[in-house]
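Engineer: Fold the following, please.
(one chain, ligands or ions: 2)
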Amino acid sequence: MSVTISPSLLSCHFLEMGADIKRLDGINDLWLHLDIMDGHFVPNLTFGAPVLNQVKTITKHKLDAHFMVTNPEVYVEGFKDVGLHNFTFHWEAVTHHDRLIQHAKTIYPSVGISLNPSTPLSVIPEYILGKIDLVLLMSVNPGFGGQKFIPAVLDKVKELNEIKKKNNYKFEIQVDGGVTDQNAKDLISNGATNLVAGSYVFGAPNMDYATRINSLR
Ligand code: DX5
Ligand code: ZN
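Structural biologist: Ligands and ions are numbered 1, 2, ... in the order given. Now for the predicted structure:
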């Protein structure tokens with residue numbers, strides 16, 4: 001099965017967002033990665049439900065929301081009409097993880113947990129890994145596109161994949177931050193099943209995003 005690529009709209013051309021999204025039409029195994037930032041959990045602000053309600057009307061791709069927010073509990077209800085496929089929250093931002101997962105699962109087909117680069121895998125108990133759909137390993141410090149990949153995250157991908165295989169878990173292993181054709185192969189061979197890429201995809205010459213997406217695979 002081919003790896004899923006999730007182009008991050010954070011790096012699209014915002015004044016022609018609709019046209020950029022249409023340039024991704026017809027590409028297989030593609031999710032649209034939506035970075036929702038609150039200016040608090042991370043030092044940046046992006047977009048929210050009003051923008052995404054319009055995004056959903058012009059694409060058939062699955063919507064993959066990455067909440068970089070202090071209180072993701074509030075957003076579970078706030079985004080319920082946006083048609084998100086995946087709802088990922090940061091482990092570091094939450095106290096009652098299990099409650100949040102149970103709530104999000106009643107609304108979204110896929111629920112994910114994200115870890116900052118410096119947060120070890122050991123914070124997530126194995127029983128939680130058995131009930132979620134995706135683990136997002138950040139390979140940059142969250143908040144901005146266009147940063148450099150942190151190589152130590154490759155070992156984290158490998159370690160997570162070993163836990164996944166040992167227990168026959170089904171969750172996707174998503175990697176986000178500084179992903180390019182220089183590291184995609186290693187990430188995939190170590191167990192990544194979903195690669196987020198912002199500046200690499202949307203920085204393509206002549207806006208030829210499909211070529212860049214294929215080169216990640
Ligand atoms: C960073 C975001 C990423 C970002 C990736 O906080 O979570 O999704 O858009 O951008 P690149 O691929 O340029 O590092
Ligand atoms: Zn992201």
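Engineer: okay, CA-based contacts and neighbour counts for the rest of this
Structural biologist: Fine.
Engineer: can you pull out the helices in the chain?
Structural biologist: Listed in chain order, the helices of the chain (DSSP state H) span 17-22, 49-55, 72-78, 97-105, 126-129, 153-167, 184-189, 199-202, 209-216.
Engineer: from memory Ile36 sits against Pro72, does it?
Structural biologist: No - counting by CA atoms under 8 Å, Ile36 does not reach Pro72; the two are 10.2 Å apart.
Engineer: most tightly surrounded among the helices of the chain?
Structural biologist: Mean neighbour counts were compared across those using mean count of other CA atoms under 10 Å; the top stretch is helix 199-202, at a mean of 23.
Engineer: Contacts for stretch 42-59 next, please.
Structural biologist: With contacts defined as CA atoms under 8 Å, 6 or more residues apart in numbering, stretch 42-59 is touched by 10, 18, 21-22, 25, 35-39, 63, 68-69, 78-79, 81-83, 142-144.
Engineer: Checking that stretch against ligand 1, do any of its residues make contact.
Structural biologist: No - using CA under 6 Å from any ligand atom, we find that stretch 42-59 stays clear of ligand 1, coming within 8.0 Å at best.
Engineer: how far does that stretch sit from the chain's center?
Structural biologist: From the chain centre to the centre of stretch 42-59 is a distance of 14 Å (CA atoms, centre = their mean, to the nearest Å).
Engineer: Just the buried ones from the contacts of stretch 42-59?
Structural biologist: Among the contacts of stretch 42-59, those classed as buried by neighbour count (16 or more other CA atoms under 10 Å) are 10, 18, 21, 35-38, 63, 68-69, 79, 82-83, 142-144.
Engineer: Right, I'll call it a day here.
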